[in-house]
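[1] coords please:
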Amino acid sequence: MPTFMPPPRFRYTGFLLAALLCCVPAPRAMAGPQTVPLLIGDTLDEQGKPKPLSPIKRQLLDAIERELGIVFELRMYPWARAERYALDGVALIFGLPKNADRLHALRYSDVAAYNKLWIVTRSDATFRFNTIEDLRGKSIGVVRGYNYGEEVERARGTVFRTDENIASRSTRLTRLMLKRVDAVLLYHPSQQTAREVEAEINAYMAPRLQSIGAAANAGYSVLPKPLATDAGVFFAIASNKDDGIIGRINAALARIHQRAPN
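    I've put the predicted structure just below:
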């Protein structure tokens, strides 16, 4: 049976339609929110693994994500490495305190939150604290590579000596219970009182003290007066990498703070 061939004009139209269809891009999936890498200094657990963010910090980041329609990709490192990556322009960083060198290299956001620096002791070895001079001669547990502000940094090695450890809160608090140090410095959100911080620490360490045995014969106390209230917690990015993200974060923070109850 002879094969039917359409007239030339219909064959030309078919070829043209096929060519046009080939040129039409396939429908793209709906674009999701922009992913923004975010460097954060890590806090480690007993196995040396990064702990999840505190609920208060997570709530702040969640609020900014909602305001800006972005998703933060958290990259957690020891503070010294996180700072180096930020200075190299690798990514945005959160929680790095200001100093003269950093202000020269980084563009900082407005204040995102405040923290208080508390002094934690064994409950049977508290002492009176009014000024940093009251720490003279003591051994203080701190996080290696972290900057606690100008007054504390000036006092390191002169007023008091430091026991610099990994960023594991439980390790530092265990060393305190074992009397390896006289006190430990811990940052907590400024909304919390000394008693609330103390209750949180004792609850956190209760199951961990079982492995210490007879040495765990006291609790933890938080001295009533904080050593310092920090200058604020900020976002920052290398000045030559700021594509407007700091301005957008500032606008988001202003809206969040405006809605916050007084």
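[2] what helix or strand is the most centrally placed residue in the chain on?
    The C-alpha lying nearest the average C-alpha coordinate of the chain belongs to I40 (Cα atoms, centre = their mean; 4.2 Å). Element membership of I40 [criterion: DSSP states H and E] is strand 34-41.
[3] Paired strands for that strand, with orientation please.
    Partner strands for strand 34-41, per DSSP bridges, with pairing direction: strand 70-77 (parallel), strand 92-94 (parallel).
[4] what comes up buried for the first one?
    Judged by neighbour count using 16 or more other Cβ atoms under 10 Å, the buried positions of strand 70-77 are 70, 72, 74-77. In short, each C-beta sits where N, CA and C put it, glycine included.
[5] now do the last one
    Judged by neighbour count (16+ other Cβ under 10 Å), strand 92-94 contains these buried residues: 92-94.
[6] so for it, what's the average pLDDT?
    Strand 92-94 shows a mean pLDDT of 97.
[7] How about the longest one?
    With pLDDT averaged residue by residue, strand 70-77 scores 95.
[8] Please apply the same query to stretch 184-194.
    Averaged across stretch 184-194, pLDDT comes to 90.
[9] just to revisit the earlier point, list just the nearest of the buried residues of strand 92-94 to H104.
    Of all these, H104 sits closest to I93, with 15.2 Å by Cβ to Cβ.
[10] Tell me if I'm right that the residue nearest to the centre of the chain and W79 touch.
    No: taking contacts as Cβ atoms under 8 Å, I40 lies outside contact range of W79: 9.2 Å.
[11] follow-up on the earlier one: how far does the strand holding I40 sit from the chain's center?
    Distance of strand 34-41 from the chain centroid (Cα atoms, centre = their mean, to the nearest Å) equals 10 Å.
[12] Extract the CA atoms of that strand and return them as CSV.
    What follows is strand 34-41, C-alpha atoms only, in CSV (Å, rounded to 0.1, in the frame of the first residue of the first chain):
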residue,chain,number,x,y,z
GLN,A,34,17.9,31.8,48.9
THR,A,35,20.5,29.9,50.9
VAL,A,36,22.9,32.0,52.9
PRO,A,37,26.0,30.4,54.4
LEU,A,38,26.5,31.5,58.0
LEU,A,39,29.6,30.9,60.1
ILE,A,40,29.1,30.3,63.9
GLY,A,41,31.6,29.4,66.6
